[in-house]
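Predicted coordinates and the sequence they were generated for:
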Amino acid sequence: MIHLNKILLVGNLTRDPMLRYTRTGTAVADFSIAMNRRFETRDGERREEVTFVPVNAFGPAAESIHEHVHLGDAVLIEGRLRQEKWQDETTKANRSRLIVVASAWSFAGNKLKSEAPVAEQEPDAPPLAEPPEPDTQRPGSPIG
């Protein structure tokens, strides 16, 4: 059986990327992008749907993204999906979410400058120094 885990997304940053480092010194950039979909219902009503996607980048790509990309910038992200799992400390419920692990990126839209470094392989050790928090408190979760 063939397996493929590859994703291409174009969207706008919902906040400035946050840069942190793992215990082994690997740079990790955390950010989210938003993608809009406009459509018309059968009744002719125009609607818009927004999808928010959390993204991690590692190594030199993380540092480059942190330096060059800011809130509102349109970016193209190439990467793969990873599922994060944890247990909610309050309710003890099992939680999970999909996150994009970026392998490359570039500006999309009107930016003249373009950066497209290839990310370092994700480290074998989990990049988070502590367990993930529930979605409602994670950076990049939709507000309101």
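Okay, I see it.

Name the nearest residue to Glu63, sequence neighbours excluded.
Ala27 (4.9 Å; CB to CB, 6 or more residues apart in numbering). C-beta: built from backbone N, CA, C; applies to glycine.

wait, isn't that neighbour in contact with Glu67?
No - Ala27 is beyond contact range of Glu67, at 10.6 Å (criterion: CB atoms under 8 Å).

residues contacting the residue nearest to Glu63?
By CB atoms under 8 Å, 6 or more residues apart in numbering, the contact set of Ala27 is 19-21, 58-60, 62-63, 66.

So which residue is smack in the middle of the chain?
Val55 (1.3 Å; CA atoms, centre = their mean).

Tell me the bridge partners for that one.
Phe31, Val100 (DSSP bridges).

how close does it sit to Val10?
12 Å (CB to CB, to the nearest Å).

what do these two both touch?
Joint contacts of Val55 and Val10 (CB under 8 Å, 6+ apart) are Ile77.

Cool, thanks, signing off.
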